[in-house]
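A.B. asks: Predicted model and sequence below, questions to follow.
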Amino acid sequence: MEITGEIIECLPVKSGQSANGEWRKQEYVLQTDGQYPKKICFMAWGEKIEQFAIQQNETVQVSIDLESREYNGRWYTDVKAWKVSRDGSSADVSYPATGQDDGYGSLESSPPLTNDDIPF
């Protein structure tokens, strides 16, 4: 899935420790164009934060994966960026071989979270 728009906010990097090791993520708010603009919060994990180098006020096309998980009877959905393009150029990231298929023909870049690892 792809979304295009302007980055209106870059939130601070969050980090922590889980059973799978250290993790880092950064969230961004993108506003779409059009008559009824939408705001979409998406995230980049680990080394993708530096590789994407997303800046506020720039227009980007973001390729995303959606993933939901249940925790204590509630459902949470992540919007994870796996590719960012600017003006036809791409900050594409290859996924490290973790051996976990994300169902989209590529491999997840971060280990899956268990109920004990949810970072919020």
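C.D. replies: Arrived safely, thanks for sending.
A.B. asks: CA only for contacts and neighbour counts going forward, please
C.D. replies: Will do.
A.B. asks: isn't residue 68 right up against residue 75?
C.D. replies: Yes. The criterion here is CA atoms under 8 Å, and residue 68 meets it with residue 75 at 6.5 Å.
A.B. asks: Quick check: which element contains residue 57?
C.D. replies: Assigned by DSSP states H and E, residue 57 belongs to no helix or strand.
A.B. asks: Give me the residue ranges of this structure where confidence is low.
C.D. replies: Applying pLDDT under 70 to the chain flags residues 88-120.
A.B. asks: ok, now with 90
C.D. replies: 87-120 (pLDDT under 90).
A.B. asks: just the strands in it please.
C.D. replies: 2-10, 14-18, 21-32, 39-45, 59-71, 74-86, 89-92 (DSSP state E).
A.B. asks: Rebuild those as TSV, extending it with distance to residue 52 and mean neighbour count.
C.D. replies: Output for the strands of the chain, formatted as TSV (distance: least, CA to CA, whole Å; neighbours: other CA atoms under 10 Å):
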stretch	distance to residue 52	mean neighbour count
strand 2-10	12	17
strand 14-18	16	13
strand 21-32	11	18
strand 39-45	8	18
strand 59-71	10	16
strand 74-86	6	16
strand 89-92	6	14
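A.B. asks: Quick one: closest of the ones you listed to residue 51.
C.D. replies: strand 89-92 (6.8 Å; CA to CA).
A.B. asks: ok, back up a step: just put the strands of the chain in JSON lines and tack on distance to residue 53.
C.D. replies: Listed next are those as JSON lines, based on distance: least, CA to CA, whole Å:
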{"stretch": "strand 2-10", "distance to residue 53": "11"}
{"stretch": "strand 14-18", "distance to residue 53": "16"}
{"stretch": "strand 21-32", "distance to residue 53": "11"}
{"stretch": "strand 39-45", "distance to residue 53": "10"}
{"stretch": "strand 59-71", "distance to residue 53": "11"}
{"stretch": "strand 74-86", "distance to residue 53": "9"}
{"stretch": "strand 89-92", "distance to residue 53": "9"}
